[in-house]
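**Student:** prediction below, plus the sequence it came from.
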Amino acid sequence: MVLVKKTLAVVWQLLIILFVSLAGDKLAAVFSLPIPGSVVGMLLLFMLLYTGLIKTDHIQEVTGFLLKHMAFFFIPVTVGLMNYWEIFHKQGIVLFASLTISLCIAFIVFRFTKLKNGEGK
């Protein structure tokens, strides 16, 4: 019985994340946003977590699993980079700038979240 409850909890957490991701895709499509739907979904999830509409406990197990196995999810991206090396070689400065800017944004959001939770003081 405990296994069933745990399994249902994980499925529920995964459904929350998938629903937010799909909502981001739909918002990007409906409003013709220049931002990918997955990024809109991440921003939407951040806003839901920040406002408290979704508690971290509601998605903690699934996100822990995804973070633990994150390297596995980058394998297809790495293979794609190898297949299209010429394009990335020609556009290296633009790629480097976008990666640097997005990394800085991620650091700022992470720091802001830690400070809000009282862990970064």
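**Tutor:** Now that the structure is in, tell me what you want to look at.

**Student:** for residue 69, what are phi and psi?
**Tutor:** phi -110, psi 20 (degrees, to the nearest 10).

**Student:** how about residue 29: what's its closest non-neighbour residue?
**Tutor:** Among residues not flanking residue 29 along the chain, residue 37 sits closest, at 6.7 Å (Cβ to Cβ, 6 or more residues apart in numbering). C-betas here are computed from N, CA, C, even on glycine.

**Student:** can you give me the neighbour number for that neighbour?
**Tutor:** 18 (other Cβ atoms under 10 Å).

**Student:** and it, how close does it get to residue 19?
**Tutor:** Look at residue 37 and residue 19: by Cβ to Cβ, to the nearest Å, they are 13 Å apart.

**Student:** any regions of this protein where pLDDT drops low?
**Tutor:** 120-121 (pLDDT under 70).

**Student:** switch to 80 and redo it
**Tutor:** 77-78, 80-81, 87-89, 92, 117-121 (pLDDT under 80).

**Student:** can you pull the domain assignment for the protein?
**Tutor:** Using automatic domain parsing, the domain parsing of the chain gives 1-69, 74-121.

**Student:** return the most buried member of the ones you listed.
**Tutor:** domain 1-69 (a mean of 13; mean count of other Cβ atoms under 10 Å).

**Student:** report the central residue of the chain.
**Tutor:** residue 42 (4.9 Å; Cα atoms, centre = their mean).

**Student:** and it, helix, strand or coil?
**Tutor:** Classification of residue 42 using DSSP: H, G, I helix; E, B strand; the rest coil returns helix.

**Student:** cool, thanks, signing off.
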